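Peer 1: I need the structure of the sequence given here:
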Amino acid sequence: MEIKMDLVSEERINSMGSMEKIRFVLEGVKSGNIVVLEGGLTSEEQMNLIELTMAEVNENFPGIEMSGYPSKKGFLNMRRKARLTVIGPAKIMRTMKKEKDLISAVISAF
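Peer 2: Residues are numbered from 1 along each chain as shown. Modelled structure (predicted):
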């Protein structure tokens, strides 16, 4: 079984509206792809992605695994969107481990 990984530039993600980003990610993951977003999603977009995913879970689509790094504090010490987000199908992403500057994923194609 092949595993496809989509590495999506921040420029492409920023050109999409919020719901368009969520649909783009969800469709990629439902197709069995691992989606890596440079620039990531906002907290609200992550929450909406989880809500939409939960509504679509069935025997063929068990859900998603997601991990990311928040951005560094910006203006007025407020956090912006994540710097990097990794999202993949729960059935192949067995383990996700996040350290200070590393996200590790164990991927099983069986």
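
Peer 1: pLDDT below threshold where in the protein?
Peer 2: 1, 71-82, 110 (pLDDT under 70).

Peer 1: got the residue ranges for the helices in it?
Peer 2: 10-14, 18-30, 43-56 (DSSP state H).

Peer 1: now for the first one, which elements pack on it?
Peer 2: Just to be clear, that refers to helix 10-14. When contacts are defined as 3 or more Cβ pairs under 8 Å, 6 or more residues apart in numbering; DSSP states H and E, helix 10-14 sits against strand 34-38. (C-beta placed from N, C-alpha, C; glycine too.)

Peer 1: ok, now the second one?
Peer 2: For helix 18-30, the elements it packs on are strand 34-38, helix 43-56, strand 82-89, judged by 3+ Cβ pairs under 8 Å, 6+ apart.

Peer 1: Report the angle between the longest one and strand 82-89.
Peer 2: An angle of 10 degrees separates the directions of helix 43-56 and strand 82-89 when computed by axes from the mean of the first three to the mean of the last three Cα atoms, to 10 degrees.

Peer 1: and residue 98, how many neighbours does it have?
Peer 2: By other Cβ atoms under 10 Å, the residues close to residue 98 number 13.
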